[in-house]
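*Asks:* I would like to see how this sequence folds:
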Amino acid sequence: MAELQFLRHDLMNTASTFRHSCRVLPLGRKHKQKIVIGDSSGTLQCFSLGKSLEMLHSFKMTLHGPNMIPKAVSYIDLFSDKIFVATGEAISGINRKGKTFFRLETNQTERISSMAVQTPYIWTAGEYVLNMFEEGREASFYMSPDKVNHLVVDHLTNDKTFETVLACQDRHLRVVKDGELQDEYGVEGSGRTLCLYSTKNSPLKEILYGTENGVMGSWKIDTKWEKKWDSSKMQTNQTAGFNALNAVDFTEDGVTDLIVGRDNGLLEIYKFDTAPEPVLIYQTSLDEMITSVDTGLLTTTAKKDIALTTYSGKILCFSVAQEEAHAVPIPVQKTAEALKQADAQKKRNEKKVQMVKAEIERLKERLDKKKEEYAKISEDHIAITTDYKVMDKFVLDSTACWVLTIELDCPIEAVALQCDVDVELMELDSTTSIVSKSKAEKESATKLLATYRNTESTNRLDIKVRTVEGQCGTLQAFIVPALAPKTAQATTYAIKPLSLHQRVTEKPAGMDAIALNTLNIAGSFQISDIHSWVLNCLPEIPERPPSDEATMYYRSTFQETILIVKYKAQEASFRSDNISTLSILKERITNMATQRKTQVKVTFDIKDETCSRVLELLHPRLKYQLQLSEKVKLINALQEIEMQEQDISFLSAEYKDILDKAKEIEKEHELQPRRLEFLHGIVRNLFLDKYKFKGMDVRSKLSLLDEQLNEEYTLKKLQDFFSQTQ
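*Replies:* The predicted structure follows:
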């Protein structure tokens, strides 16, 4: 990462910005390029940078129709030197001098979130609908099964027709031509952003994608699509989602590089060497969401710079640091007159500084008086409107925990959490907030009350929680900004019964070699009914029901078990190697069917050997937690040996590992009771669910099961207990 060094330039602040709302215009008559930026207030401005990096505005305007309220700039695309701007449901074409030459009021009901222009064609994507316009008239449209997050358009398979690639929320890239779905390809997470990648040495094009869970990859396009690489196998240790990808030869070595902007504020540059996977050569953190990234000749005419925007409205420029030769000082003979003039100038400057300081003090006094006046008024009045915007997401990560990310366009003072089901707050190394937990009343429906108060000025807060499968409810966050008057916005997140299951796009490997339990549900329900029931049980289900039938694959992020979901009108099938998963589905779906007064018939096929497999998958976690107590007992003794002996090479690798990770082990041991209770709860539920399907109530045997878990636990004894209990 030491190959590149940058100078950061904070150019200006605007209102909050959407993704892809900043672009660098092509070179014009001058030797520097211009930046065009749109914000949430509907303001569009274009400027270049002078010799002292001062902003030289070409134009600044507000985009709206006659007698209309300005709407946020949601996307900017370029065709040649023409600027096309999406605001709400309308598209405006503007030249580099700021004159509007084109405006299209579409009949869409969705806000345009992505756009591509290849005149005379314009492609727009809202939440679900892709439209293509030719000469301002709608030529085709396509309805996506799930939300569209981004699109790119190009001649992919031939030079005659355009094809559109959609990055969709349901972990698929969809290829659409003339309003018809051509093909779809699964990716490792919800598709977030796309870009085209090509090199001088190859005529083939690639589609680069970035996902919400921090994976990027590439599909090579020839006569057919072929997966080239993805970062899930790279040691990046990053799970932050991608907001912007920009493929450009930034290092000017003849090979196209990749510039990345993540939603946690990381700016990264990747280089493609001989290996197909990119290599990280630069990384820096801005500590707030990056919304757009582009490159151009901005500060100099010699080297490209990076222009980017953040969610709060910061516009930044990163220029490559260049070493300058040290100039040889030229001796200057100072005369008495020159010294006298310099002394007079110094006194004038000091006087100006004093005047400015006095003016600052007067302004502070006026501000304090205004605050006092407002405080008196606010005693009898309550603020009912908020001027800040909230960007949030609630995502299941690879550690089987949900991460709630909240970002404002202003500093966050505090966030209060309330939940009506049991959830565990997990520690995050990156969080500097002070966490305060309150005990909920026994008779109250509230199970969690906690407050995160920031000690530093930050616009972003990450909160990590672990849920318990089988429980469903809502998590509420009350967000208080560091603004006056004090207001709060509430956001709500659903916790679903199978909350720790993550969707996968392909049939799980090795699925045919393991035994699966089956749950079948039949009845006089429509596909919209069964879709809504499944939607209430599992995450990552599209809100729109399928037209005919649906098949989905899931993997438990904690237990590594699998689930296959198939449903259509009047019948549904669920297959899993975990009996508890099917038990939760059976209970929830039959309850919802009863509420709808819909009669359903439930049949099932339970295989006893699947319990042994689940216990085998849980065994490493149980064993690790039980061994923590033994490791903690050894730490003091090993540390004494380390102090007395200069050379501890005679210790075994296991003991050396305990010494190296002593603090980590002690910290985990403090959480051991909670962790063991969580694991024991999974085993108990598995035991009860197995015999519940057989029509037996074995709650009286739970005390015997606890003995197996707590006293001389072994996997073999536990498996035998499950199989022998009657």
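
*Asks:* could you find the closest non-adjacent residue to residue 415?
*Replies:* On the basis of CB to CB, 6 or more residues apart in numbering, the spatially nearest residue to residue 415 that is not a chain neighbour turns out to be residue 452, at 4.6 Å. In short, each C-beta sits where N, CA and C put it, glycine included.

*Asks:* ugh, wrong one, I meant residue 559
*Replies:* Nearest in space to residue 559, with sequence neighbours left out and distances taken as CB to CB, 6+ apart, is residue 617 at 5.5 Å.

*Asks:* any idea which element that neighbour lies in?
*Replies:* Residue 617 is located in helix 609-644, with elements delineated by DSSP states H and E.

*Asks:* right, and the helix or strand after the longest helix anywhere in the chain?
*Replies:* In the chain, assigned by DSSP state H, the helix with the most residues is helix 336-378. Sequence-wise, the next helix or strand downstream of helix 336-378 (DSSP H and E) is strand 390-396.

*Asks:* list of residues touching that next one?
*Replies:* 212-213, 241, 263, 289, 311, 402-408, 475, 477, 479, 489, 491, 493, 499-500, 502, 539, 557 (CB atoms under 8 Å, 6 or more residues apart in numbering).

*Asks:* which of those are buried?
*Replies:* The neighbour-count test (16 or more other CB atoms under 10 Å) applied to the contacts of strand 390-396 identifies 212-213, 241, 263, 289, 311, 402-408, 475, 477, 479, 489, 493, 499-500, 502, 539, 557 as buried.

*Asks:* ok, back up a step: now do the contacts for the residue nearest to residue 415.
*Replies:* Under the criterion of CB under 8 Å, 6+ apart, the contact partners of residue 452 comprise 414-417, 431, 433-435, 461, 463.

*Asks:* how close does the residue in the chain sticking out farthest from the centre get to residue 447?
*Replies:* Here the centre of the chain is the reference, and by CA atoms, centre = their mean the most remote residue is residue 336, at 66.1 Å. Here the distance between residue 336 and residue 447 works out to 83 Å (CB to CB, to the nearest Å).

*Asks:* residues near the closest residue to residue 517 other than its chain neighbours, how many?
*Replies:* Leaving aside its chain neighbours, residue 517 sits nearest to residue 606 (5.1 Å; criterion: CB to CB, 6+ apart). The local packing count at residue 606 equals 18, with neighbours defined by other CB atoms under 10 Å.

*Asks:* and the one 10 residues further on, by the same measure?
*Replies:* The burial count assigned to residue 616 is 12, neighbours taken as other CB under 10 Å.

*Asks:* cool, residue 503 as well?
*Replies:* By other CB under 10 Å, the residues close to residue 503 number 20.

*Asks:* got the contact list for the spatially closest residue to it that is not a sequence neighbour?
*Replies:* Nearest-residue entry for residue 503: residue 540, 4.1 Å, with adjacent residues in sequence omitted and distances by CB to CB, 6+ apart. Residues touching residue 540, when contacts are defined by CB under 8 Å, 6+ apart, comprise 169-171, 190, 502-503.

*Asks:* residue 540 and residue 603, how far apart?
*Replies:* Applying CB to CB, one obtains 27 Å for the distance of residue 540 from residue 603.

*Asks:* swap in residue 26?
*Replies:* Distance from residue 26 to residue 603, counting by CB to CB: 65 Å.

*Asks:* now residue 512
*Replies:* Using CB to CB, one gets 22 Å for the distance from residue 512 to residue 603.

*Asks:* and residue 416, by the same measure?
*Replies:* Distance, residue 416 to residue 603, by CB to CB: 46 Å.

*Asks:* more neighbours: the two, which one.
*Replies:* When residue 416 is set against residue 603 and neighbours are counted by other CB under 10 Å, the residue ahead is residue 416, at 18 against 10.

*Asks:* help me confirm that the more buried one is found in a helix?
*Replies:* No. Per DSSP: H, G, I helix; E, B strand; the rest coil, residue 416 lies outside any helix segment and is strand.

*Asks:* out of everything not next to it in sequence, what's closest to it?
*Replies:* What sits nearest to residue 416 in space, not counting adjacent residues and going by CB to CB, 6+ apart, is residue 478, at 4.3 Å.

*Asks:* please identify the helix or strand for the one you found.
*Replies:* With secondary structure defined by DSSP H and E, residue 478 is part of strand 473-481.

*Asks:* give me the contact list for stretch 182-190.
*Replies:* Under CB under 8 Å, 6+ apart, the answer for stretch 182-190 is 149, 163, 168-176, 209, 211-215, 217, 219, 225, 227, 230, 232, 241, 504-506, 540.

*Asks:* what is the end-to-end distance of it?
*Replies:* One end of stretch 182-190 to the other measures 20 Å (CA to CA, to the nearest Å).

*Asks:* centre of the chain versus it, how much separation?
*Replies:* If you compare the mean C-alpha spot of stretch 182-190 with that of the full chain, they lie 18 Å apart, counting by CA atoms, centre = their mean, to the nearest Å.

*Asks:* likewise for stretch 517-528?
*Replies:* From the chain centre to the centre of stretch 517-528 is a distance of 34 Å (CA atoms, centre = their mean).

*Asks:* okay, buried residues for that stretch please.
*Replies:* Within stretch 517-528, the residues scored as buried using 16+ other CB under 10 Å are 517, 519, 521, 523, 525, 527.

*Asks:* those in helices, which ones?
*Replies:* residue 527.

*Asks:* what is the nearest of the buried residues of stretch 517-528 to residue 204?
*Replies:* Distance to residue 204, by CB to CB, is smallest for residue 527 among the buried residues of stretch 517-528, at 40.4 Å.

*Asks:* who's in contact with the closest residue to that closest one other than its chain neighbours?
*Replies:* By the measure of CB to CB, 6+ apart, the closest residue to residue 527 outside its immediate chain neighbours is residue 569, 4.4 Å from it. Neighbouring residues of residue 569 by CB under 8 Å, 6+ apart: 525-527, 530.

*Asks:* out of the contacts of residue 452, which comes closest to residue 626?
*Replies:* Residue 626 has its nearest neighbour among the contacts of residue 452 in residue 435, at 28.3 Å by CB to CB.

*Asks:* ok, now how distant is that closest one from residue 428?
*Replies:* Residue 435 sits 10 Å away from residue 428 when distances are taken as CB to CB.

*Asks:* may I see the buried residues of the helix or strand following the helix holding residue 617?
*Replies:* Going down the chain from helix 609-644, the next helix or strand is helix 653-660, by DSSP H and E. Buried residues in helix 653-660, counted by 16+ other CB under 10 Å: 655, 658-659.

*Asks:* export these to JSON lines and tack on distance to residue 692?
*Replies:* As requested, the buried residues of helix 653-660 are exported to JSON lines (distance: CB to CB, whole Å):
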{"residue": "655", "distance to residue 692": "45"}
{"residue": "658", "distance to residue 692": "42"}
{"residue": "659", "distance to residue 692": "47"}
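
*Asks:* rebuild those residues as JSON lines, extending it with distance to residue 125 and pLDDT.
*Replies:* Formatted as JSON lines, the entries for the buried residues of helix 653-660 read as follows, by distance: CB to CB, whole Å; pLDDT from 0 to 100:
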{"residue": "655", "distance to residue 125": "58", "pLDDT": "74"}
{"residue": "658", "distance to residue 125": "54", "pLDDT": "76"}
{"residue": "659", "distance to residue 125": "56", "pLDDT": "77"}
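
*Asks:* good, we can wrap up now.
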